[in-house]
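Visitor: Using only what follows, build the 3D model:
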Amino acid sequence: MAQQNLFLPSVSDIHFKKCHAQHGFYVVSIKKLIALLALTLGLYTFYWFYRNWRVIKQQNIQYSNCSPLCRSLLSVIFLPSLFTCIESSAKKEGVRMSFHGWQLALVCNLSSIIAIILLCSETLYLSAFGLLAGICGLLPLIKMQKVINQLEHDPTGWANHKFTGFNWLCLVAGASYTSLFGLASVMLFAA
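Guide: Predicted structure coming up:
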């Protein structure tokens, strides 16, 4: 039996690094994603879109001319193509999906539009339904992130589970904004 050199990486470590050396999509843990989505009132989705489109542009020649920034800012338009791209990769890799990408994109976009309309209403219960619709609009992103993590052989999102300085900045800014939004809503409806 051959001895293993303690100063060299094991074969399993080398295999893990090769599998995770080039991601086809943006890996993030579900807990981190939910925290960032919730406390930034969904604004983290623009960063999530940007990171996925940036990686897709680097890895896929079909999207080599796309602008990740434009596609993230116009995410309502490009969300179906992003979700379809994830779905086609899942089919190629044999990752089972119980939904279609375009269906999730439709749910996400419709929920977001309904949330914006209801949140702009001057009635408390309609605003509450708007908040609920906004949360429903984020659920497809979480489902797709689970698929992405499976595709990248990192089901828990371990490669990106820690909060960075930028993440903490987003959380503090988002929590401040959420608090101010809540206080303004209470003051508006109390008057």
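Visitor: what residues are up against the residue positioned nearest the centre of the chain?
Guide: Nearest to the geometric centre of the chain sits residue 48, at 4.6 Å (CA atoms, centre = their mean). Going by CB atoms under 8 Å, 6 or more residues apart in numbering, residue 48 touches 26, 28, 33, 141, 145. Backbone N, C-alpha and C define where each C-beta goes, glycine included.
Visitor: Which helix runs longest in the chain?
Guide: helix 124-151 (DSSP state H).
Visitor: Need the contact partners of stretch 165-174.
Guide: Against stretch 165-174 from outside (CB under 8 Å, 6+ apart): 32, 35-36, 39-41, 43-44, 47, 163.
Visitor: Counting neighbours, which of those end up buried?
Guide: In terms of neighbour count (16 or more other CB atoms under 10 Å), the buried residues within these are 32, 35-36, 39-41, 44, 47.
Visitor: Taking the residues you listed, tell me the two that lie furthest apart.
Guide: Taking CB to CB as the measure, the buried ones among the contacts of stretch 165-174 reach their widest spread between 32 and 41, a distance of 16.4 Å.
Visitor: what's stretch 129-138 in contact with?
Guide: Stretch 129-138 is touched from outside by 37, 41-42, 45, 107-112, 114-121, with contacts defined as CB under 8 Å, 6+ apart.
Visitor: Which of these are buried? Put it as a PyMOL command.
Guide: Selection of buried members from the contacts of stretch 129-138 for PyMOL, criterion 16+ other CB under 10 Å:
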select buried, resi 37+41+42+45+107+108+109+111+112+114+115+118+119
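Visitor: Compute the inter-axis angle for the host helix or strand of residue 48 and helix 124-151.
Guide: Using DSSP states H and E, residue 48 falls within helix 44-59. Interaxial angle, helix 44-59 versus helix 124-151 (axes from the mean of the first three to the mean of the last three CA atoms, to 10 degrees): 30 degrees.
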